[in-house]
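Undergrad: next come a sequence and a model predicted from it.
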Amino acid sequence: GAVVSQHPSRVICKSGTSVKIECRSLDFQATTMFWYRQFPKQSLMLMATSNEGSKATYEQGVEKDKFLINHASLTLSTLTVTSAHPEDSSFYICSARGDGYEQYFGPGTRLTVT
Amino acid sequence: AQSVAQPEDQVNVAEGNPLTVKCTYSVSGNPYLFWYVQYPNRGLQFLLKYITGDNLVKGSYGFEAEFNKSQTSFHLKKPSALVSDSALYFCAVRDMSAGKSTFGDGTTLTVKP
């Protein structure tokens, strides 16, 4: 099946710094990528949808200036958490979809802001 | 707006017994329905999907789900549970005309030996 990777898998940063998370589709071209946030024992909250070469569409309540998304190619999307604060600590999951119906999920990135 | 409900936070079954994880949905058009499984600190793994066709869908690891349009349900089932099936399960729905999926709150399945 299709594989989506995320890097890093785990990151710890200091409050006020920025962190970039990469999401790659390894064996297919992802026309659409999604970024989710998941709190402990809770469901996935969609943050934004990005299509290659265009601006991301953010869900209501998600600050686009804080969570910068770039989908520069059909195999790579990045999420940058700018000026991170402890409340941004969470599990971030990306997923990618090609031409079919299915979404393929990355393994997630655990962000801890101290 | 589309929505998904997983009425049970937790399902406990004994190994070897059948299991059911419930899911109901609401969507304006014809639904795409999905089940995913998540192990601790991991992303979601696809189990199965319903797009069209037979109401009984078979997926990975012996799981199956039955689409019931009149009850707007898509319950996940397995005839004989394994301890290794213990995980968090998510149901998701996507409207055919929309691009994004909506996930249920998840059900923690615990299979005891």
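TA: Done, it's in.
Undergrad: residues contacting residue B:87?
TA: Applying C-beta atoms under 8 Å, 6 or more residues apart in numbering or on different chains, we find residue B:87 in contact with B:37-39, B:108-109. For the C-beta atoms, the positions are set from N, CA and C on the backbone; glycine is no exception.
Undergrad: per-residue pLDDT, residue 12?
TA: No chain was given, so I picked chain A. On pLDDT, residue A:12 comes in at 97.
Undergrad: hm, I was asking about chain B
TA: For residue B:12, the predicted pLDDT is 97.
Undergrad: excluding sequence neighbours, find me the nearest residue to it.
TA: Excluding the flanking residues, the one nearest residue B:12 by C-beta to C-beta, 6 or more residues apart in numbering or on different chains is residue B:110, at 4.9 Å.
Undergrad: quick one: buried residues of whichever strand or helix holds that neighbour?
TA: Using DSSP states H and E, residue B:110 falls within strand B:107-112. Residues of strand B:107-112 classed as buried: B:107-109, B:111 (neighbour count, 16 or more other C-beta atoms under 10 Å in any protein chain shown).
Undergrad: in chain A, what residue lies closest to chain B?
TA: Nearest residue of chain A to chain B: residue A:105, at 4.0 Å (C-beta to the nearest C-beta).
Undergrad: how much space is there between the residue nearest the centre of chain A and residue A:112?
TA: For chain A, residue A:35 is the residue whose C-alpha lies nearest the centre (C-alpha atoms, centre = their mean; 3.7 Å). When distance is defined by C-beta to C-beta, to the nearest Å, residue A:35 is 18 Å away from residue A:112.
Undergrad: what does residue B:49 give?
TA: Per C-beta to C-beta, residue B:49 is found 34 Å from residue A:112.
Undergrad: ok, residue A:23 next?
TA: Residue A:23 is 19 Å from residue A:112, by C-beta to C-beta.
Undergrad: between these two, who's got more neighbours?
TA: Comparing residue A:23 with residue A:112 by neighbour count (other C-beta atoms under 10 Å in any protein chain shown), the higher total belongs to residue A:23, at 28 against 14.
Undergrad: helix or strand for that one, which one?
TA: strand A:19-25.
Undergrad: following the chain onward from that strand, which element is next?
TA: Beyond strand A:19-25 toward the C-terminal end (DSSP H and E), the next one is strand A:32-38.
Undergrad: just checking: what are the partner strands of that following strand?
TA: strand A:44-51 (antiparallel), strand A:90-97 (antiparallel) (DSSP bridges).
Undergrad: mean neighbour count added to those strands, as TSV?
TA: What follows is those, written out as TSV (neighbours: other C-beta atoms under 10 Å in any protein chain shown):
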stretch	mean neighbour count
strand A:44-51	21
strand A:90-97	25
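Undergrad: among the ones you listed, which comes closest to residue B:27?
TA: Comparison of the strands paired with strand A:32-38 against residue B:27 by C-beta to C-beta identifies strand A:44-51 as nearest, at 15.6 Å.
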